[in-house]
Each structure stands twice: as structure tokens, then as C-alpha cells.
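Chemist: sequence and predicted structure, then a few things I'm wondering about:
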Amino acid sequence: MTDAGPPAAARLSGVSTSLAAKLAKLGIRCDADLILHLPLRYEDETRIVPLVDAPSGEAVQVEVEVVSTEVAYRPRRQLVSRVRDARNGDGMIVVRLLNFYPSQLKQFAVGARLRLFGEVREGHFGPEMVHPRARSVGAETLLPEALTPVYPTTAGLAQAMLRRLIGQALARLDLADTLPDAIRQTHSLLTFAEALLMLHQPPATLSVEALEARNQAAWRRIRFDELLAQQLSLRRAYAARRTRSAPRLPGGGKLGMQLLGQLPFQLTAAQQRVWHELATDMTKEYPMQRLLQGDVGSGKTIVAALALLQAVENGWQGALMAPTEILAEQHWHKLSQWLTPLGIEVAWLSGSQKKAQRTAMATAVREGRAPIVVGTHALIEDAVDFPRLGLAVIDEQHRFGVRQRLALRRKGGTMHVPHQLMMSATPIPRSLAMSYYADLDVSVIDELPPGRSPVRTHLVADGRRAKVIARVHDACMEGRQAYWVCPLIEESETLQLQTAQETFARLTEELSNLRIGLVHGRLKPAEKSAVMEAFVKGEIQVLVATTVIEVGVDVANASLMIIEHAERFGLAQLHQLRGRVGRGAAQSACILLYARPLGETARARLKVIFENSDGFEIARQDLVLRGPGEFIGARQSGLPLLRYANLDEAALVDAARAAAEVMLRDTPVAAEAHLQRWLAGREELLKV
């Protein structure tokens, strides 16, 4: 093909406002969306099954003649019809409609000839169909030549209407291919039109099972196209960033070396490699856009501190934004501890500060007197203005919405775009990174600092709670500290989970000679800070908490982590919580308390966390269990979820990535046409 493609998708025409609203719930706003709204499954209406041969419990199509119809009132109002085979009169079944309209009463008039599609089951009065799909026919009505697609839908939007709209869109749109012939032939792909028509109007000769299993050639083309659209968009965004101007921040200054000189530890080889990558990026005239990932406790914060110093030493400001107040405050304390001896004051901004304090901090930022600022979402409020923001660091970036991340970057003003470093302690499997983070440079700290003791993981049924409490007592009497994490704050009748408040009360009673603390999300920030500070100082021996302590808490003396109702937590949370212990030389343990009976998914999660300590392997298995959308919080990220592609197909992801590079370089018009077809109107949020 040539460097061309179909025109931009046309808006839906001839559709009422109410119907357009229903379609919008399905993400359908134009004809291109309609043709890419693909079936969930198929029904075979291309043949008639004799009534006497209809298998029980299997959806089939029969052609019948109505023998009798009545409205029954016991045990409830319903339409009851007796029908027999219209072709030979053999067999008789009952048809029951529990909810019906006058038009259906007329449709089931005595003598009417109908085609029914549904399951035949044994009822009180013999074989019956309950609410089959019914269509009035004549003796000569032809059978369909294609399988009947069943689409994802929403309330008030019938399958028949969807099929009609999709059929009209297929007839209206130009289905010309957007793939260059060379790429299509290299990967043995069907044409777009062939694939699309095969899925919307599959001939009866195709296997329903193969179509629904999505291992058929038509589905392979669709999955490739979807991955290609994502890669095109992200790679184009990657290139666009390099056209923007950012402050050049040369490295090699004294502050970084002074910081390293005063640390009680040395950087690992992985930390040094990543620091060099960041330092090099920040010398460029275009903005760094780097994702720094590393397992729990791998030392990402010190690398971020070195990058912030590089900005400060060049006369620019640095900002670090964290999603929770506890995590942000931990970062503030850590950075202050490191940087205050160097003569650098670290400012603190949070929503819980008193107005006068927040105003004073915001003024210091605006006047350039605060070279480094740490905070929560308060950093992106309108009142906070950075005159010379050179580096924006976002920790646990997947917890922020895409617009929040964009808002911090825009604090750099219009002349320059600040360099941006996004950090995540949730390791990202390679296939996911290639697909969802193709617009970023990725750095990985794949080495833990020396001296970290391995954490032993134990699965314990909640019936053995007394032994666990005894173990906590013994650990604390030996001078250690413990966390006890619960998933809820207060009683829930529906979930019946042990709550933090109940656990605190019970442990206070049973461990009366120990000092017990309680921290959860509903405490006032000052109260949370006081409890956390007491735990850090060793004044509290057992900290009962909700998942507010999931990230950022670093207490080397804490060697025991108890997670209540561990079956209710996700793998990433379990791994993060387990990483709160094992930060000192003492042998540490994580006890996962679970309630019986365990569901299949919960059992699978606990098995993964019990058998693995490598965050990357846990992440890989988490991706398999949850899928990419949930894994990376794509609902918040702004990235369109992959509807059809499977990230387990690494070879297809690789092929799409390579094709995107070729098309952007050699056939940009075709690349634009492909993006219009797949992402029209939805691409903008990718460019952040």
C-alpha cells in the first residue's frame, strides 16, 4: 500500500441524544468506535435444530408453531405458550415469559410460526424455554448465512440495535488498510477489512469456539493493530518531548559529593548506574522523562536526593510530590536529615497545615527562597508557584491521576518544561513496560543494599491468632518492634473483617505490658505524625495500622509484620507491607493471617507472596492474575486500556513496537490514519 489511509472517523449521524448517551457509556462516539466494538461471543442461528433433538442446557435455534397461549397468574403473572415443531409437528415444549409486553402476547398467538433461540431445560411441566429470543417467520424465511455476534452492551441498548448500527458503520466507512503491505506480509496478517468482517459477520463454517477463544487469524490482526496504535501514540509523544525546552543542569557539583561523603553507607552499583543515567539526562536541553523503578528498600530516595541537588546547584528548584501525607512527611524528614547539614532547607507543604504556615511556605517557594519542596497534592494548588522549577519528582507515580502529574510539570512555567522523575516501588514486568511506558526512559535499581536481612513469610490461619500474639510479645520483650496491619478502620457488617480499632483494643488488653499505638487514615495529620514519630523513636513497641504505612516507613528496629486478613490485600500491597521489615540486621518475619475458606484468587495470591521475595517475579504473576489495567491503575493513568491485546504475547508486542518505529519514519500519513482509527479523540492524555 501507499502512505495513505482512511479519512478521520466521522461522528455518529442519525442517532438520538438518548441513544448517543448509551453508546458513550460503551466508549462509542463515532463510526470508527462502532466498527471496533467487537463481539464478546457468537450464537449460531444459521441452522434449525429439530425440537425432539434439542439438547438440554445448550443454546439452540428451533422453529415452532404456537399451539396455545395463556396468561397465568400462579405462582406469578407470566405468559405461557405450548409450541410444537413447525416443520414436522414432532415434540412439544412450554415457552414461559416472566416479563412480557402486549406485543409479545400478540406474537405468540395460536398458529404463529416462530424461530426461538435459547436453552431447553426440564421444568415442572416437562421441557421448557424461559425467555427465548423469538422472531416471527414464514415457511420460506431464509436462514442467516453468518453467525450472530453478541456485543458488550449497557442498560437500554438492545443487541439488535447494536448490530444494526455496526452494520451501517461498516457500510459507510472506508476500511482501507493503514498497514504498509510490507509490514502486513512480514507478520502474516490479514487485511483490516478481512479481519473486521470475519469478526462482525463470521460465516457459519467458522468455529464458534475458535472465534470466542480469540486464537483465530482475525483476532491476531486486531490485537496487532491495537498494540500498534498504542506504540505509535507513545513513541510520537516521546519524540514530541524532545522538541520542548528544559533547563540544562550539568552534574559533577560539590553538593552531591558532600552528601555521599556524610552518608553512613555507600551506594550500590545499581544506584550509581541509575544516578549516572539521571545526571546525564538532566544535562540535555530537552526534558528528562524517566521512570525509576526499584523493589521495596532498594534505595530510590537517595538517588532522587542526588538529582534534586543537581537542580539546586544549577540555580533551579526541585519538588518531590508523594500521594499520602505519611509518605510525604517521611520523605521530608529523610531529605532534611541529609540536606540540612549541607545548608539546604527543605520546605514542607501539605493540605493539613494551618493556613498561615502553608501561605508562608508557598511564599518562600514563589520567591525562590525554598530550593527544595516536599509535599502532597498541595504542591499543585494554584497558590503554589515555582519561578524556577528544574526537576519534579513524583513518588508512587501510579497513585496520581494523569492530570495531577501534568499539573506539577506545568508549574515550571511556559518558557521551560522541568525534568521529571517518576518513581515506583511496584516493579513493572518487561511486557507491560514495553507496552504502557514506551514513551518513557526506564531505570531499574535491581540490587538491594547490603545488610538487609531476608524476610521469612509465614501463612497462618486466624484460628492460631493467640500464638501470633505470643510471638509479638516475645519479639518486643527482646527489644524489637512490630507492625499489625488491618484492612478496615471500623466494623463492616458485609465484610466482617477484623478492624484496626478492634485489634488495637484487643492487643492493648492482651499485651498490657507493651506500649501499643494506633494509626489510620481518619486520624488528624498531627495525631498521625505524633504516633509515627513515637514508633520511630521506639516509644511505641507495636503499631496497629491500616495501609497508610504501606510505603515510606523506615524503622530498622521493626522485625515483625502481621497482616490481618491477608487474603483481602493485593499482591503489590502485601509485598510493600512485607518490605517495611527486614531493614536492620535482625531476622525478620511477615505473618499473613488469613480467614477460611479461601477463594481461588485469594489462594493464588497468597501462594505467590509465600513462594517469592523478588518484586519483579511477584509483579509478573500479579499481571497474570489481575491484567494490565488494574496492575498499573490505568483507570487513573489516562492510558486507554488494551481491550483486545494480550501482553503475554511478547512477540506481538515486539512486532508492534518495531512496526511503529518504521511507520513513524517512513509512512507518517499511514501512522496518523491508524491513530485516527484507533485513538481518535483519546490520544491527548498519553502526551504527559
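Modeler: Perfect, thanks for sending it.

Chemist: now do the longest helix belonging to the chain, average pLDDT.
Modeler: When the chain is parsed with DSSP state H, its longest helix is helix 217-241. Helix 217-241 shows a mean pLDDT of 90.

Chemist: buried residues, the helix or strand containing Leu199. List them.
Modeler: In this structure, Leu199 sits in helix 192-200 according to DSSP states H and E. Within helix 192-200, the residues that qualify as buried are Phe192, Ala195, Leu196, Leu197, Met198, Leu199, His200, counting by 16 or more other Cβ atoms under 10 Å. For glycine as for every other residue, the C-beta is placed from the backbone atoms N, C-alpha and C.

Chemist: of these, closest to Ala438?
Modeler: Within the buried residues of helix 192-200, proximity to Ala438 (Cβ to Cβ) peaks at Phe192, which comes in at 22.4 Å.

Chemist: what's the distance between the closest one and Thr186?
Modeler: The spacing between Phe192 and Thr186, counted by Cβ to Cβ, to the nearest Å, is 16 Å.

Chemist: also Ser103?
Modeler: With Cβ to Cβ as the criterion, Ser103 and Thr186 are 54 Å apart.

Chemist: what's the very next helix or strand once past the helix holding Leu199 packed up against?
Modeler: Proceeding C-terminally, helix 192-200 gives way to helix 208-213 as the next helix or strand, assigned by DSSP H and E. Helix 208-213 is packed against strand 41-43, with contacts defined by 3 or more Cβ pairs under 8 Å, 6 or more residues apart in numbering; DSSP states H and E.

Chemist: got the buried residues for the helix or strand just after the strand it packs on?
Modeler: Past strand 41-43, further along toward the C-terminus, the next helix or strand under DSSP H and E is strand 59-72. The neighbour-count check on strand 59-72 (16+ other Cβ under 10 Å) flags Val60, Gln61, Val62, Glu63, Val64, Val66, Thr69 as buried.

Chemist: what does the average pLDDT come to for strand 59-72?
Modeler: 95.

Chemist: again with stretch 313-320
Modeler: pLDDT averaged over stretch 313-320 gives 94.

Chemist: mind checking the end-to-end distance for it?
Modeler: Across stretch 313-320, the straight-line distance between its terminal residues is 16 Å, by Cα to Cα, to the nearest Å.

Chemist: neighbour count: Ser103 and Thr186, which is higher?
Modeler: Comparing Ser103 with Thr186 by neighbour count (other Cβ atoms under 10 Å), the higher total belongs to Thr186, at 14 against 7.

Chemist: could you check how far that one is from Ile222?
Modeler: Distance of Thr186 to Ile222, given as Cβ to Cβ: 18 Å.

Chemist: Arg410: which of the buried residues of strand 59-72 is nearest?
Modeler: Gln61 (58.6 Å).

Chemist: for that closest one, what are its contacts?
Modeler: Residues in contact with Gln61 (Cβ atoms under 8 Å, 6 or more residues apart in numbering) are Asp44, Glu45, Arg47, Ile48, Val49, Arg115, Leu116, Phe117.

Chemist: please check those and keep the buried ones.
Modeler: Among the contacts of Gln61, those that count as buried by neighbour count (16+ other Cβ under 10 Å) are Asp44, Glu45, Ile48, Val49, Arg115, Leu116, Phe117.

Chemist: biggest separation within those, which pair?
Modeler: Every pair of these checked by Cβ to Cβ; the farthest is Asp44 and Leu116, at 13.8 Å.

Chemist: many thanks, I have nothing further to ask.
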